[in-house]
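Colleague: When you get a sec, could you give me coordinates for this:
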Amino acid sequence: MAAAVVVAAAATWQPQEGGFKEICGLLEQQISPSSDKSQIWQQLQHYSQFPDFNNYLAFILAHAEGKPVEVRQAAGLLLKNNLKTAFKSMPPANQEYIKAELLPCLGAADRQIRSTSGTIISVLVQLGGVLGWPELLHSLVKCLESNDLTHMEGAMDALSKVDSLTHRNYHKIQICEDIPQVLDAENPGSSERPIDIFLPRLLQLFQSPHASLRKLALGSVNQYIMLMPPVLYMSMDNYLQGLFVLANDPSSEVRKLPHLRNVIEYMLQVNKDPDEEVSLEACEFWSAYCEAPLPPENLRAFLPRLIPVLLSNMAYAEDDESLLDAEVNSFSSLEDGSLPDRDQDLKPRFHSSRFHGSEDAEDDDDDIVNIWNLRKCSAAALDIISNVFGDEILPTLMPFVQSKLSTSDDASWKEREAAVLALGAIAEGCINGLYPHLSEIVAFLIPLLDDKFPLIRSISCWTLSRFSKFIVQGIAHREGHEQFEKVLTGLLRRILDNNKRVQEAACSAFATLEEEAAEELEPRLEIILQHLMCAFGKYQRRNLRIVYDAIGTLADAVGGELNQPKHLEILMPPLIAKWQQLSNTDKDLFPLLECFTSIAQALGSGFSQFSQPVFQRCLDIIQSQQLAKVDPVSAGAQFDKEFVVCSLDLLSGLAEGLGSGIESLVSQSNLRDLLLQCCMDDGTDIRQSAFALLGDLARVCPIHLRPRLPEFLDIAAKQLNTPKLKETISVANNACWAIGELAIKVNQEISPVVMTVISCLVPILQHAEGLNKSLIENSAITLGRLASVCPELVSPHMEHFMQSWCIALAMIRDDIEKEDAFRGLCAMVKANPSGALSSLVFLCRAIASWHEIRSEELHNEVSQVLLGYKQMLKNGAWEQCMSALEPPVKERLSKYKV
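Modeller: Model prediction:
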């Protein structure tokens with residue numbers, strides 16, 4: 001061996017054949033179960049005294065492809081152990097040779113060779129750092145970007161955690177597991193740290209199609225949570241989004257998420273950071289976690305520590321704008337309610353276009369805090385945590401809340417306010433646990449409506465509104481009735497508060513109470529109107545919008561009860577005066593138009609005395625905006641779609657309220673031509689409201705649409721046949737509904753477009769996944785309405801859509817529109833009975849979806865359809881169909897005597 005192992009210049013170092021064979025022979029004996037391990041070990045120790053012995057080991061690991069992989073792996077294991085003690089004293093040329101041989105091994109075809117090489121690389125990084133080995137970083141990046149699985153796995157294996165492997169199971173020190181600091185070290189001469197290069201690539205691998213890479217990438221990134229390098233902090237949204245997706249990964253190895261507790265622990269610590277921006281970022285994690293499909297158990301153990309942090313952060317910060325405003329105004333002799341609003345005080349407002357069908361959007365009326373901050377975020381987190389964990393958070397939370405509420409000194413008012421906010425935040429999620437104590441909670445909150453601190457008055461309004469549903473439910477009992485009266489009068493009192501923040505909170509809270517109380521408000525309507533109209537005269541521009549909303553909500557809640565002279569005398573004169581005061585280009589007109597829409601619908605024919613000037617002004621606004629769109633100079637104003645949308649929606653409200661009484665107004669106007677232009681507008685909001693109005697006019701005065709009916713039908717059908725259907729789904733929904741309304745009014749006149757529309761509706765029904773529920777329902781109803789008018793056109797094609805149509809029909813609630821759809825179904829079956837045979841089970845389920853068909857005529861038609869099939873199907877075929885139905889379905893069909 002002495003003669004064979006010759007020191008060579010590293011630049012040209014090549015193994016000697018004899019030395020190579022001798023060392024391989026010893027390694028083969030070492031891994032043999034029957035060999036004398038101690039003797040072999042002594043020989044290997046003898047050879048290790050030669051300077052280039054470790055070069056041989058590196059060569060065998062990298063190039064001995066004719067040898068068993070166990071031999072190459074044993075060479076790597078020995079090399080790793082030698083390097084731990086000898087690397088720093090080795091000649092630099094040998095160090096460089098070994099490094100150079102290891103890097104290509106990251107892409108070796110054999111997983112064990114890749115893994116062993118990664119182990120040795122990690123040891124070298126631990127000994128000498130990563131910055132002294134720039135070729136390593138270059139090779140790792142190259143492997144990660146190669147899109148070759150073996151190279152990517154090799155690089156990831158070196159970067160991630162793979163614990164203990166000896167001969168088959170030996171300890172492995174991986175870069176990101178044991179020494180993550182090395183990649184987060186400063187790089188002299190560069191502004192980038194190594195982790196800045198790797199982290200974006202690791203996050204991309206969260207989406208890799210290969211489970212092994214997803215697991216390794218997740219393990220690597222998770223090692224940096226407690227270190228939190230700047231690049232990870234800046235990428236936190238991407239990291240959390242990827243983490244939550246991987247929590248539901250198809251691979252159980254990926255789903256284990258061994259370091260999720262590290263993430264939660266880190267977020268909990270940072271949530272207490274004195275820098276509010278930092279703590280706000282961390283606070284957003286709790287809502288994101290709860291909204292993601294992650295197991296709540298991971299968070300449960302942290303709740304006793306998390307809830308006090310959230311509650312502490314819910315107190316107003318010293319520099320909170322709301323706090324500063326409130327303090328200034330609390331100590332002024334004349335509070336801020338009389339000060340005019342500046343333009344910058346007015347938030348942008350967005351009108352929601354009219355929508356026919358099942359709404360999917362959620363209300364955000366609970367939002368009484370305009371600026372997103374740590375206080376708001378903490379309350380939102382507590383809200384969602386209460387919805388996930390329910391009453392189990394109460395033993396932790398309530399002692400803190402009760403302690404804060406029990407203080408009475410002025411210095412502690414912010415703590416009391418935060419406790420009231422916390423009660424409102426958990427009102428939904430913890431209602432079962434709170435319900436037995438609800439009467440005491442409400443009784444405690446009512447006096448706070450008159451607290452000396454305006455922000456306690458405002459938060460008490462909001463928290464009471466969160467319990468509105470249950471306060472109204474208690475009206476049946478005497479105590480509950482008295483409490484409802486106290487809440488109602490307390491909120492009305494606060495509506496007339498001098499502080500703008502309190503006005504806003506009280507008005508919003510009262511609107512919520514109105515929605516829940518509905519007809520319970522009727523005996524108190526006069527005093528409610530007096531307070532609202534007093535506020536109308538008192539409020540500045542910003543809060544005036546909230547009064548409009550409260551008035552509109554009241555109209556929706558009490559309906560026709562509002563149509564009494566004593567009520568109209570209080571309500572209408574101030575509104576009409578404001579209506580006349582505002583110009584056609586004043587944006588303060590928007591909420592007034594919305595308010596009039598609700599009033600027109602509530603008053604019905606009672607609005608006719610006010611209808612002519614309102615109707616005409618809507619037309620004037622639409623016309624002037626259409627001019628402004630093409631020639632703002634001539635129009636004297638810039639185009640603003642909100643004016644058009646609000647005017648169209650008010651016209652819809654008039655049509656709904658006045659019914660056929662609107663006909664005289666329409667007949668003497670150019671509404672038809674203006675509406676057609678709006679239906680063709682490039683703005684989706686305008687088209688959405690335009691098709692809603694088209695459907696409303698079709699219901700009450702179709703005769704005035706007839707001259708341009710083909711154009712209306714053509715443009716409506718085009719809304720259903722667009723590659724961007726999901727982007728304009730609300731437009732398609734209203735267009736679909738309008739076609740159905742026109743169909744049942746103009747009958748055979750709709751026949752030219754029937755098959756065009758059917759060809760658009762069928763794909764919607766057949767590919768319903770991910771589409772708006774309302775569009776599916778309206779498509780099913782409109783298809784039925786077209787079939788009822790033109791069964792001879794539709795029935796020959798029914799076998800192509802019968803199954804998906806019946807599935808959609810079964811989901812629709814009982815109403816007049818569902819009756820129309822089933823008349824079309826009966827007409828088609830009568831024209832082509834065989835067309836539904838292959839979908840008979842689905843047809844039976846659709847019929848069974850009725851709780852009760854109120855029309856006796858339709859009930860009889862449906863009975864005839866079922867009886868006809870029973871008679872048609874012989875030799876047990878009918879019985880076979882019935883056996884495929886669920887017991888509740890069969891029970892419901894029994895009422896049709898089949």
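Colleague: CA atoms for contacts and neighbours, from now on please.
Modeller: Noted.
Colleague: By mean pLDDT, flag the weakest helix or strand of this structure.
Modeller: Taking mean pLDDT, DSSP states H and E as the measure, helix 166-169 is the helix or strand of the chain with the lowest mean score, a mean of 25.
Colleague: Name the residues that touch the helix or strand harbouring Glu642?
Modeller: Following DSSP states H and E, one finds Glu642 within helix 641-658. Contacts with helix 641-658, where a contact means C-alpha atoms under 8 Å, 6 or more residues apart in numbering, come from 350-351, 353-354, 585, 587, 590, 593-594, 596-598, 600-608, 611, 615, 618-619, 621-622, 625, 662, 683, 685-686, 689-690, 692-693, 696-697, 700.
Colleague: The residues you listed in helices, which ones?
Modeller: In helices, judged by DSSP state H, the following of those are found: 590, 593-594, 596-598, 600-603, 608, 611, 615, 618-619, 621-622, 625, 685-686, 689-690, 692-693, 696-697, 700.
Colleague: The one residue sitting closest to the centre of the chain - nearest residue in space that isn't next to it in sequence?
Modeller: With distances taken as C-alpha atoms, centre = their mean, the residue of the chain nearest its centroid is Glu291 (8.5 Å). Spatial nearest neighbour of Glu291, excluding adjacent residues (C-alpha to C-alpha, 6 or more residues apart in numbering): Ile384 at 7.9 Å.
Colleague: Now for Asp275, how many residues are close by?
Modeller: Counted with other C-alpha atoms under 10 Å, residues neighbouring Asp275 total 10.
Colleague: Next secondary structure after whichever strand or helix holds Gly25?
Modeller: Element membership of Gly25 [criterion: DSSP H and E] is helix 17-30. From helix 17-30 onward toward the C-terminus, using DSSP H and E, the following helix or strand is helix 37-47.
Colleague: Pull out the buried positions in that following helix.
Modeller: By neighbour count on 16 or more other C-alpha atoms under 10 Å, the buried set for helix 37-47 is Leu44, Tyr47.
Colleague: And it, how far out from the chain middle?
Modeller: 65 Å (C-alpha atoms, centre = their mean, to the nearest Å).
Colleague: same deal with stretch 43-54?
Modeller: With C-alpha atoms, centre = their mean, you get 64 Å for stretch 43-54.
Colleague: Then stretch 312-320?
Modeller: The chain centroid and the centroid of stretch 312-320 are separated by 27 Å, computed with C-alpha atoms, centre = their mean.
Colleague: Stretch 580-591 now?
Modeller: The chain centroid and the centroid of stretch 580-591 are separated by 34 Å under C-alpha atoms, centre = their mean.
Colleague: Could I get the CA-only coordinates of that stretch as PDB?
Modeller: The C-alpha coordinates for stretch 580-591 follow below in PDB (Å, rounded to 0.1, in the frame of the first residue of the first chain):
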ATOM      1  CA  GLN A 580     -84.100  69.100  -4.900                       C
ATOM      2  CA  GLN A 581     -81.000  70.700  -3.300                       C
ATOM      3  CA  LEU A 582     -78.500  68.300  -4.800                       C
ATOM      4  CA  SER A 583     -77.300  68.600  -8.400                       C
ATOM      5  CA  ASN A 584     -77.200  65.700 -10.900                       C
ATOM      6  CA  THR A 585     -73.400  65.500 -10.600                       C
ATOM      7  CA  ASP A 586     -73.300  65.600  -6.700                       C
ATOM      8  CA  LYS A 587     -72.000  62.300  -5.300                       C
ATOM      9  CA  ASP A 588     -74.100  62.800  -2.200                       C
ATOM     10  CA  LEU A 589     -77.000  61.900  -4.500                       C
ATOM     11  CA  PHE A 590     -75.900  58.200  -4.500                       C
ATOM     12  CA  PRO A 591     -77.100  57.200  -1.000                       C
END
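Colleague: What average pLDDT does it get?
Modeller: Mean per-residue pLDDT for stretch 580-591: 91.
Colleague: Point out the other helices and strands that the one helix or strand Trp413 maps to packs with.
Modeller: Taking DSSP H and E as the criterion, Trp413 maps to helix 413-425. When contacts are defined as 3 or more C-alpha pairs under 8 Å, 6 or more residues apart in numbering; DSSP states H and E, helix 413-425 packs onto helix 303-313, helix 374-389, helix 394-405, helix 454-466.
Colleague: same thing but 7 Å
Modeller: Using 3 or more C-alpha pairs under 7 Å, 6 or more residues apart in numbering; DSSP states H and E, the elements in contact with helix 413-425 are helix 374-389, helix 394-405, helix 454-466.
Colleague: Burial check on the residue nearest to Glu291, number of neighbours?
Modeller: 21.
Colleague: Tell me the spacing between it and Leu421.
Modeller: Ile384 is 14 Å from Leu421, where distance means C-alpha to C-alpha, to the nearest Å.
Colleague: next one: Gly132
Modeller: Computed with C-alpha to C-alpha, the distance linking Gly132 and Leu421 is 55 Å.
Colleague: okay, those two: which has more neighbours?
Modeller: Set Gly132 next to Leu421 and count neighbours by other C-alpha under 10 Å: Leu421 wins out with 24 against 10.
Colleague: from memory the more buried one sits against Ile459, does it?
Modeller: Yes. In this structure Leu421 lies within contact range of Ile459 using C-alpha atoms under 7 Å: 6.3 Å.
Colleague: Which of the contacts of helix 641-658 are buried? Put it as a ChimeraX command.
Modeller: Buried subset of the contacts of helix 641-658, written as a ChimeraX selection, criterion 16+ other C-alpha under 10 Å:
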select :353,354,585,590,593,594,596,597,598,600,601,602,603,604,605,606,607,608,611,615,618,619,621,622,625,662,685,686,689,690,692,693,696,697,700
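Colleague: where's the helix holding Gly25 relative to the chain centroid, distance-wise?
Modeller: Centroid separation for helix 17-30 versus its chain: 63 Å, with C-alpha atoms, centre = their mean.
Colleague: what comes up buried for that helix?
Modeller: Buried-residue list, helix 17-30, by 16+ other C-alpha under 10 Å: Gly19, Phe20, Ile23, Cys24, Leu26, Leu27, Glu28, Gln29, Gln30.
Colleague: what's the farthest-apart pair in these?
Modeller: By the measure C-alpha to C-alpha, Gly19 and Gln30 form the most distant pair in the buried residues of helix 17-30, at 16.5 Å.
Colleague: check which helix or strand covers Arg714.
Modeller: Actually, residue 714 is Asp. It isn't Arg. Using DSSP H and E, Asp714 sits within helix 709-718.
Colleague: after that helix comes which helix or strand?
Modeller: helix 729-746.
Colleague: Give me the below-cutoff pLDDT ranges for the stretch 301-450 of the chain.
Modeller: 321-371 (pLDDT under 70).
Colleague: what do you get if the cut-off is 50, keeping everything else the same?
Modeller: For the stretch 301-450 of the chain, the stretches with pLDDT under 50 are 328, 330-334, 343-350, 360-369.
Colleague: same check, this time on the chain
Modeller: Applying pLDDT under 50 to the chain flags residues 1-11, 161-180, 182, 328, 330-334, 343-350, 360-369.
Colleague: Break it down into its domains, please.
Modeller: Per the record, the chain has its domains at 17-163+170-184+191-249, 259-321+368-435, 460-571, 582-704, 802-895, by the TED database.
Colleague: Name the surrounding residues that touch stretch 616-628.
Modeller: Asn584, Ala635, Ala637, Gln638, Phe639, Asp640, Phe643, Val644, Ser647, Leu671 (C-alpha atoms under 7 Å, 6 or more residues apart in numbering).
Colleague: For the first one, grab the count of nearby residues.
Modeller: Right, the one you point to is Asn584. Asn584: 20 neighbours (other C-alpha under 10 Å).
Colleague: Any figure for the gap between Ala884 and Val862?
Modeller: Distance, Ala884 to Val862, using C-alpha to C-alpha: 20 Å.
Colleague: between these two, which one's more packed in?
Modeller: Taking neighbours as other C-alpha under 10 Å, Ala884 and Val862 compare with Val862 leading, 19 against 10.
Colleague: residue contacts, that one?
Modeller: Cys826.
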